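K.L.:
Need a 3D model of the following:
(one chain, ligands or ions: 1)
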Amino acid sequence: SNEVNAIIIMFGGSGDLAHRKLYPALFGLFQHGILKDRFAVIGTARRPWSDDHYQGVVCDSVKEAGGTDDEAIAAFSQHFYYQSHDVTDADHYVTLKKLAAKLDDQYHVGGNRLYYMAMAPTFFSTIATHLKSEALLTDTGFNRLIIEKPFGHDYDSAKALNDAITGTFKEEQIYRIDHYLGKDMAQAILALRFANPWLKAVWNKEHIKDIQITLAEAVGVEERAGYYESAGALRDMVQNHVMQLLAYLTMDEPKALTSEAIHEVKAKAFDDLHRYTEEEARQNFVRAQYAAATVDGKQVPGYREEDGVAADSMTDTFVAGKMLTDNPKLAGVPIFIRTGKRLTRKSTQVTITFKGGDGLFGTTPGDQLTVYIEPNEGYTLELNAKKLGEASTLEREWLNMRHTDQAIADAPEAYERLIGDVLAGDQTNFNHWTELAQTWRYVDVISKAWAKDQTMPTYPAGSMGPKAAFDLLKDGDHHWYWQP
Ligand code: NAP
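P.N.:
This is a model prediction of the structure:
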C-alpha cells in the first residue's frame with residue numbers, strides 16, 4: 001500500500017490557507033489511504049484552542065470544501081491535536097517536541113516528521129532556527145519541510161531565507177511550494193511535449209513563431225492589500241508561476257521522468273533565459289495598475305482606491321513582457337507573458353503559435369496550440385482546413401478538448417497532489433533553490449528598472465491591460481491569443 005506514517009506539524013494551524021486548502025487536502029489523502037491509521041497532525045498558532053475545538057474546525061474546513069462522508073470526516077479529525085505556540089518563543093518548541101514524541105508512540109509512527117510552514121514568511125527563518133536549536137528533527141524516519149510562498153522579496157532576501165532553512169534542513173528535505181506545479185494541466189505540458197513525437201519535431205525556432213503565457217485574474221486585490229502592496233504582480237506571479245510554466249515550455253527533454261532529471265533541464269532553461277540590462281527591461285516589460293471602471297454593470301474601484309492601498313501606490317497589478325531564451329533551439333522566438341488582476345476573466349492558458357507559410361493554398365496563417373490550465377482544463381488546436389462543400393477554400397477550424405467539470409472535480413486538488421508528493425519523498429513538483437535564485441535574479445533587474453521610473457500607466461478594470469501590453473507584440477505581427 002502507499003500508506004505513509006507521519007507526525008505533521010502545521011505552523012499556522014488556525015490560518016486561512018490551512019482552513020481552505022490544507023485540511024481538505026489532508027482529508028483527500030486520508031480518503032485515498034495514504035494517511036490511514038498511523039498519523040497525527042499537530043496544529044499550532046497563538047490562539048488558545050482546545051483539541052476539541054480544533055477538531056471541530058478541521059471538520060468544518062473539510063465540509064466547506066465539499067466533504068460529505070460525516071463518519072470519515074469525524075474519524076479523520078480524531079488525528080488532530082492543537083498546541084498553542086508562539087513561534088518566536090523557544091520554550092514552546094520543547095513542548096512541541098514532547099507532544100510529537102508522545103503522538104509518535106501512540107500512533108506507531110516511527111520518527112517521520114513533516115513540518116509545514118503555513119504562516120507569514122517573516123517567521124520562516126525563526127521556525128527553522130528553533131527546530132534546530134531545540135532539536136526537533138528526529139534521528140529515525142524522514143524529516144521534511146514544506147514551505148509556502150513568497151520565498152523572498154528579491155534575490156538577497158530569498159538567499160537569506162534559504163541560508164536560514166538550509167541551516168536546519170538539507171536540500172533533499174526541503175519542499176518549496178509553487179502550487180501551480182501541482183496543477184494537472186501544468187504537469188500535462190510535459191506529456192504533451194514529450195509523448196508526441198510529431199510535436200517534439202516542430203518544437204523549435206524553425207516552426208514556432210511565438211510562445212504566450214497568460215495568467216489572468218478577474219478579482220481585484222481583495223483583502224490582501226497588506227501583502228500585495230509589498231509584492232505586486234511581478235513578484236507575486238511572474239517570479240514563480242509564470243517562470244515555472246515558461247520552463248516547462250522552453251526546457252530540453254529530460255533524460256527521465258525523475259525529479260533530478262527534470263530539475264536539471266529546468267535549471268538549464270532558467271540559465272538560458274536571455275538576461276536584459278535595465279534599459280532593455282524597461283523596453284520589454286510593461287507594468288500598470290487597474291483603474292476604476294464599470295464591469296458587468298457594477299462600478300469597481302481602481303487599485304489606489306482599494307482598502308489598505310496607498311493613494312500614490314507604485315505597486316504593479318499588471319505585468320506584460322517579451323522574453324527570450326538563448327537556448328539555440330528556440331533562440332529568437334519571443335515569449336510573451338502577461339498577468340494581472342481585474343482582467344476580463346479568470347484564465348490561465350499558454351499558446352504556441354506556429355509559423356504560417358506560402359504553399360499550394362496560398363499564404364496560410366500559422367496554427368495555434370493552446371493548453372488551458374485553469375479554470376478550464378483542456379486543449380485547443382486551431383488550424384487551416386478546407387471549408388465543407390468547397391474545392392479548396394480554407395477556413396480556421398478548432399480541435400477542442402476540455403475535461404468535464406465532473407472529471408476535474410474527481411481529480412485531486414493541487415494541494416492534495418503536492419502534499420502526497422512530499423509524503424512520497426518526490427521533489428519533482430517543488431522549487432529547487434537554484435531555480436529560485438535564477439528567477440529572482442531575472443526579476444530583480446526589472447524591479448530595479450521600474451524603481452527608477454515614476455510613471456504608472458493604468459488600464460480600466462475589466463480590460464486586458466494597458467495599450468502598451470499590446471504594443472509589445474506589434475513588432476513581427478504577433479497577437480495575444482485570448483479565446484475561451
Ligand atoms: P493567515 O491566515 O494570516 O494565518 C497566519 C497563521 O499564523 C495563523 O494561524 C496565526 O494564528 C499564526 N500566527 C501568526 N503569528 C504567530 C506567531 N507569532 N506564533 C504562532 N503563530 C502565529 O495566513 P495564510 O493566508 O494562511 O497564509 C499562510 C502562508 O501561506 C503565507 O506564507 C502565505 O503567503 C501562503 N499562501 C496563502 C494562500 C491563501 O490562500 N491564504 C495562498 C498561497 C500562499 P494566531 O493568530 O492564532 O497566532
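K.L.:
Now the residue of the chain most remote from its centre: phi and psi?
P.N.:
Distance from the C-alpha centroid of the chain, by C-alpha atoms, centre = their mean, peaks at Ala391 (47.8 Å). Note on Ala391: backbone dihedrals following degrees, to the nearest 10 are phi -70, psi -50.
K.L.:
got a list of what the residue in the stretch 1-150 of the chain that the ligand sits nearest to touches?
P.N.:
Residue of the stretch 1-150 of the chain nearest the ligand, by C-beta to the nearest ligand atom: Gly15 (2.5 Å). All C-beta atoms are positioned from the backbone trio N, CA, C, and that covers glycine. Contacts for Gly15 (C-beta atoms under 8 Å, 6 or more residues apart in numbering) come out as Ala45, Ala118, Met119.
K.L.:
just for the stretch 101-250 of the chain, where's the confidence low?
P.N.:
Of all residues in the stretch 101-250 of the chain, none has pLDDT under 70.
K.L.:
Run through the residues of it sitting next to the ligand.
P.N.:
Ala118, Met119, Ala120, Pro121, Glu148, Lys149, Pro150 (C-beta under 6 Å from any ligand atom).
K.L.:
Can you tell me which of those residues are classed as buried?
P.N.:
Ala118, Met119, Pro121, Glu148, Lys149, Pro150 (16 or more other C-beta atoms under 10 Å).
K.L.:
Filter these down to the ones in helices?
P.N.:
If you go by DSSP state H, these have nothing in helices.
K.L.:
Do a quick rundown of the strands in the stretch 301-450 of the chain.
P.N.:
Using DSSP state E, counting those that start in this stretch, the strands of the stretch 301-450 of the chain run over 318-323, 335-340, 347-354, 357-359, 362-364, 368-374, 378-386, 394-402.
K.L.:
What residues does Thr138 make contact with?
P.N.:
Counting by C-beta under 8 Å, 6+ apart, Thr138 makes contact with Gly111, Asn112, Arg113.
K.L.:
what about 6 Å?
P.N.:
Neighbouring residues of Thr138 by C-beta atoms under 6 Å, 6 or more residues apart in numbering: Gly111, Arg113.
K.L.:
Roughly how far does it sit from Ile174?
P.N.:
Note on Thr138: its distance to Ile174, by C-beta to C-beta, to the nearest Å, is 16 Å.
K.L.:
all helices of the stretch 151-300 of the chain, in order?
P.N.:
Taking DSSP state H, counting those that start in this stretch as the test, the helices found in the stretch 151-300 of the chain are 155-166, 184-194, 197-202, 225-228, 233, 243-250, 259-272, 278-284.
K.L.:
could those be laid out in a markdown table, adding distance to Ser133 and mean neighbour count?
P.N.:
What follows is the helices of the stretch 151-300 of the chain, written out as a markdown table (distance: least, C-beta to C-beta, whole Å; neighbours: other C-beta atoms under 10 Å):
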| stretch | distance to Ser133 | mean neighbour count |
| --- | --- | --- |
| helix 155-166 | 12 | 17 |
| helix 184-194 | 37 | 17 |
| helix 197-202 | 51 | 11 |
| helix 225-228 | 29 | 17 |
| helix 233 | 38 | 25 |
| helix 243-250 | 33 | 24 |
| helix 259-272 | 30 | 18 |
| helix 278-284 | 41 | 16 |
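K.L.:
any chance of those helices in CSV, with distance to His85 too?
P.N.:
Listed next are the helices of the stretch 151-300 of the chain as CSV, based on distance: least, C-beta to C-beta, whole Å:
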stretch, distance to His85
helix 155-166, 19
helix 184-194, 34
helix 197-202, 51
helix 225-228, 23
helix 233, 34
helix 243-250, 32
helix 259-272, 32
helix 278-284, 43
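K.L.:
Kindly check the end-to-end length of stretch 335-352 for me.
P.N.:
Stretch 335-352 has an end-to-end distance of 9 Å (C-alpha to C-alpha, to the nearest Å).
K.L.:
residues of that stretch that come out buried?
P.N.:
335-343, 347-352.
K.L.:
do stretch 173-183 as well
P.N.:
Neighbour counts using 16+ other C-beta under 10 Å place Gln173, Ile174, Tyr175, Arg176, Ile177, Asp178, His179, Tyr180, Leu181, Gly182, Lys183 of stretch 173-183 among the buried residues.
K.L.:
Identify the residues contacting the first one.
P.N.:
The neighbours of Gln173, taking C-beta under 6 Å, 6+ apart as the test, are Asn143, Arg144, Leu145.
K.L.:
The nearest residue to His403 once chain neighbours are set aside: neighbouring residues, count only.
P.N.:
Among residues not flanking His403 along the chain, Glu377 sits closest, at 4.4 Å (C-beta to C-beta, 6 or more residues apart in numbering). Look at Glu377: counted by other C-beta atoms under 10 Å, it has 21 neighbours.
K.L.:
again, but for Asp475
P.N.:
9.
K.L.:
pLDDT at it, what is it?
P.N.:
On pLDDT, Asp475 comes in at 93.
K.L.:
Leaving out chain neighbours, which residue sits closest to the residue of the stretch 351-484 of the chain found nearest the ligand?
P.N.:
The nearest approach of the stretch 351-484 of the chain to the ligand comes at Tyr415, 9.5 Å away (C-beta to the nearest ligand atom). Leaving aside its chain neighbours, Tyr415 sits nearest to Ala25 (3.8 Å; criterion: C-beta to C-beta, 6+ apart).
K.L.:
Next, the contact list for that neighbour, please.
P.N.:
By C-beta under 6 Å, 6+ apart, the neighbours of Ala25 are Tyr415, Glu416, Ile419.
K.L.:
repeat that with 8 Å
P.N.:
Contacts of Ala25 (C-beta under 8 Å, 6+ apart): Glu413, Tyr415, Glu416, Leu418, Ile419.
K.L.:
Which one of those residues sits in the busiest neighbourhood?
P.N.:
Ile419 (26 neighbours).
K.L.:
Tell me if I'm right that that one and Ile146 touch.
P.N.:
Yes. Applying C-beta atoms under 8 Å, one finds Ile419 in contact with Ile146, separated by 7.3 Å.
K.L.:
so which strand or helix has the closest residue to Ser1 other than its chain neighbours?
P.N.:
If the residues on either side of it in the chain are set aside, Ser1 comes closest to Gly33, at 6.4 Å by C-beta to C-beta, 6+ apart. For Gly33, there is no enclosing helix or strand under DSSP states H and E.
K.L.:
how much space between Gly33 and Phe39?
P.N.:
Counting by C-beta to C-beta - Gly33 and Phe39 are separated by 11 Å.
K.L.:
Over to Gln31?
P.N.:
Going from Gln31 to Phe39 by C-beta to C-beta gives 13 Å.
K.L.:
Rebuild the residues of the stretch 101-250 of the chain next to the ligand as TSV, extending it with distance to Ala256.
P.N.:
Below are these laid out as TSV (distance: C-beta to C-beta, whole Å):
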residue	distance to Ala256
Ala118	32
Met119	36
Ala120	38
Pro121	33
Glu148	29
Lys149	28
Pro150	31
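K.L.:
Could you list the buried residues of the helix or strand hosting Gly28?
P.N.:
Using DSSP H and E, Gly28 maps to helix 23-31. Across helix 23-31, burial judged by 16+ other C-beta under 10 Å covers Tyr23, Pro24, Ala25, Leu26, Phe27, Gly28, Leu29, Phe30, Gln31.
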